[in-house]
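In: Next one to model:
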Amino acid sequence: MPLRLFLLVVLIATGATPSHGTSPFGAFVRSLLIPGWAQHANGQSHTALRFVVTEGLLWSGYFGLSAVSSIRQDNYRAYATSHAGATPEGKGGVYFDDLGFYMSQQQHDLFALVDDGPQAQLYGASDGNTWEWDRDASRKRFRRMRNAAESADRNALFATGLVVVNHLVSAIHAARTAEASLPTAAVTRWQVEPFRGSSLVQGMSLVRRL
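Out: Purely as a prediction, here's the structure:
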């Protein structure tokens, strides 16, 4: 929110000039805030619509995938409780990874002792930490269910990345369009020329040509 307020202040300060309309930087800020805004203001309704539709589809994808991930997460947690006697409440990702790899808490602790010795991280037999799958097929199904939930969550995150890309593409397009529509574009050229006139040592000078 502070970033958006800052961009709005910049937009008000630099967005327009009396003689040239919206400046390239002002157009950039507008479409960075809302894709298609500057394009619509510049009369490019179809281009603006494409950016707006893309934005809507990406956000719809994000919320849809987030909802799918949440539902799948609830499902694999309930499945672990039903088929392994697990207690998912308050547990993190490592716990669910171990649930998918080991048939029981005892098996996990045994392998951990063999691999890490006295430094092994053990669950112990305390309440809330024990589990034992009713069969290996259930454990494998749990892993598939959890992987599906994680996949939906990653795809939702990917959708937010595409939202950022859509904002940047719209902003760059708006700035370039605004620059191209300026009545006169002052182009600064630089050229290397030798000094003219008498001199003991002939040098070189940069001459700015407008």
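
In: distance of the closest residue to Phe111 other than its chain neighbours from Arg72?
Out: Using CB to CB, 6 or more residues apart in numbering and skipping the chain neighbours, the partner closest in space to Phe111 is Tyr102 (7.2 Å). All C-beta atoms are positioned from the backbone trio N, CA, C, and that covers glycine. To Arg72, Tyr102 is 22 Å away according to CB to CB, to the nearest Å.

In: how many other residues sit next to Leu33?
Out: 17 (other CB atoms under 10 Å).

In: again with Leu49
Out: Leu49 has 13 neighbours, counted by other CB under 10 Å.

In: cool, and the one 10 residues further on?
Out: Counted with other CB under 10 Å, the neighbours of Trp59 add up to 15.

In: Got the phi and psi for the spatially closest residue to it that is not a sequence neighbour?
Out: Take Trp59 and drop its neighbours on the chain: the residue closest to it by CB to CB, 6+ apart is Val163, 6.7 Å away. The phi/psi pair for Val163 (degrees, to the nearest 10) reads phi -60, psi -40.

In: Let's check: the centremost residue of the protein is which one?
Out: Ranked by distance to the mean C-alpha position of the chain (CA atoms, centre = their mean), the top residue is Gly161 at 2.8 Å.

In: tell me which element that one falls in.
Out: helix 136-180 (DSSP states H and E).

In: Could you list every helix and strand in contact with that helix?
Out: With contacts defined as 3 or more CB pairs under 8 Å, 6 or more residues apart in numbering; DSSP states H and E, the packing partners of helix 136-180 are helix 24-33, helix 37-41, helix 45-84, helix 93-101.

In: With respect to Glu179, which of the ones you listed lies nearest?
Out: Judged by CB to CB, the one of those that comes nearest to Glu179 is helix 24-33, at 4.3 Å.

In: Buried residues, the closest one. List them.
Out: Within helix 24-33, the residues scored as buried using 16 or more other CB atoms under 10 Å are 24-33.

In: which other helices and strands contact it?
Out: helix 2-14, helix 37-41, helix 136-180.

In: Please work out the average pLDDT along the first one.
Out: Here the mean pLDDT over helix 2-14 is 52, rounded to a whole number.

In: and what of stretch 33-42?
Out: 93.

In: Could you do stretch 71-84 as well?
Out: Averaged over stretch 71-84, pLDDT sits at 97.

In: how about it: buried residues?
Out: 72-73, 76-77, 79-80, 83-84.

In: Which one of these is nearest to His108?
Out: Closest to His108, out of all of the buried residues of stretch 71-84 and judged by CB to CB, is Ala84, at 11.9 Å.
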